[in-house]
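> Quick one, what's the 3D model for this:
(one chain, ligands or ions: 1)
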Amino acid sequence: MTATRLVFLGPPGAGKGTQADLVADSLGIPHISTGDILREAMEKKTDLGGRAGRYVEGGDLVPDEIVLSLVEERTGREDCAGGFVLDGFPRTVAQAEGLDGILAERGEALDAVILLDVGDEAIISRLAQRRVCPACGALYSLDGDPPRQDGVCDKCGARLEARVDDDPATVKKRLEVYRRDTLPVVEYYESEGLLRRVGGEGDVEGVFSSILEVLKTVKR
Ligand code: AMP
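Next up is the predicted model:
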């Protein structure tokens, strides 16, 4: 079986979660979001949640060793035999190097890194409009893709929330962190010849079809 191992990069609010979900579904492989794993751990008050909470709430990065060990464990599970779509990881060059090391030990490697390009204005307005379902993780946008009933998840009926780190001050911080720590990751993958840039400002379907076009050119 050929496996497909992909990474989605891009600033907060670029649409990584939405697009990674669509791509993972279309390829029949897991979508692994380190942000979702951390938020779930915080919600369930696990040991991981306790160690990560203050970083996530403040818009800071969780230390590399914590995130690397969770990614090593998650990508080593059986459901990743056909590959995976990583979303929100790696966010530092140390994480990118760590991921290369984990995969190399298994005789594996990444196939492509998709960078969703979105300007600051679009990011700020998208994050202000974002609502998430705390129960099932479904994502909504109050202007682009609202729930059928105000404030209620279409899929499971739970009450929708804004993310704690989507308030304007924390968004500003997250954008700074992205520029400082994650833009070097873009350069890292560019120099490895893995980076594919996709414009992320169109509607969900348009961006998804651009990604599918790009994936056709990726050797697996
Ligand atoms: P996200 O849902 O990807 O926007 O992530 C939300 C928050 O979780 C981030 O602002 C970080 O605090 C934390 N986080 C998620 N992924 C990582 C990562 N790869 N490295 C460090 N922190 C992370």
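> Tell me which stretches of this structure form strands.
Secondary structure of the chain (DSSP state E): strands located at 4-9, 31-33, 83-87, 112-117, 130-132, 139-141, 195-199.
> can you tell which of the ones you listed is closest to Arg51?
For Arg51, the closest of the strands of the chain is strand 31-33, at 18.0 Å, according to Cβ to Cβ. No exception for glycine: its C-beta is placed from N, CA and C like everyone else's.
> Contacts for that closest one, please.
16-17, 20-21, 23-25, 71, 74-75, 80, 84-89 (Cβ atoms under 8 Å, 6 or more residues apart in numbering).
> Equivalent analysis for stretch 84-101, please.
Residues contacting stretch 84-101 (Cβ under 8 Å, 6+ apart): 5-8, 16-17, 20, 23-24, 27, 29-35, 61, 64, 67-68, 71, 75, 109-110, 178, 181-182, 184-185, 188-189.
> Those residues also near the ligand: which ones?
Of the residues in these, proximity to the ligand by Cβ under 6 Å from any ligand atom holds for Thr34, Gly35, Leu61, Val67.
> Among those, which ones are in helices?
Of these, the ones assigned to helices by DSSP state H are Thr34, Gly35, Val67.
> would you turn those residues into CSV with pLDDT and neighbour count?
CSV is the format used below for these (pLDDT from 0 to 100; neighbours: other Cβ atoms under 10 Å):
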residue, pLDDT, neighbour count
Thr34, 97, 22
Gly35, 93, 18
Val67, 97, 26
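> So what's the gap between stretch 86-104 and the chain middle?
Relative to its chain's centre, stretch 86-104 lies at 13 Å (Cα atoms, centre = their mean, to the nearest Å).
> Tell me, please, the helix or strand in this structure that averages the lowest pLDDT.
Ranked by mean pLDDT, DSSP states H and E, the weakest helix or strand in the chain is helix 120-129, scoring a mean of 89.
> which of the contacts of stretch 84-101 count as buried?
Buried members of these, scored by 16 or more other Cβ atoms under 10 Å, are 5-8, 16-17, 20, 23-24, 27, 29-35, 61, 64, 67-68, 71, 75, 110, 178, 181-182, 185, 188-189.
> roughly how far apart are Leu27 and the ligand?
According to Cβ to the nearest ligand atom, to the nearest Å, Leu27 stands 20 Å off from the ligand.
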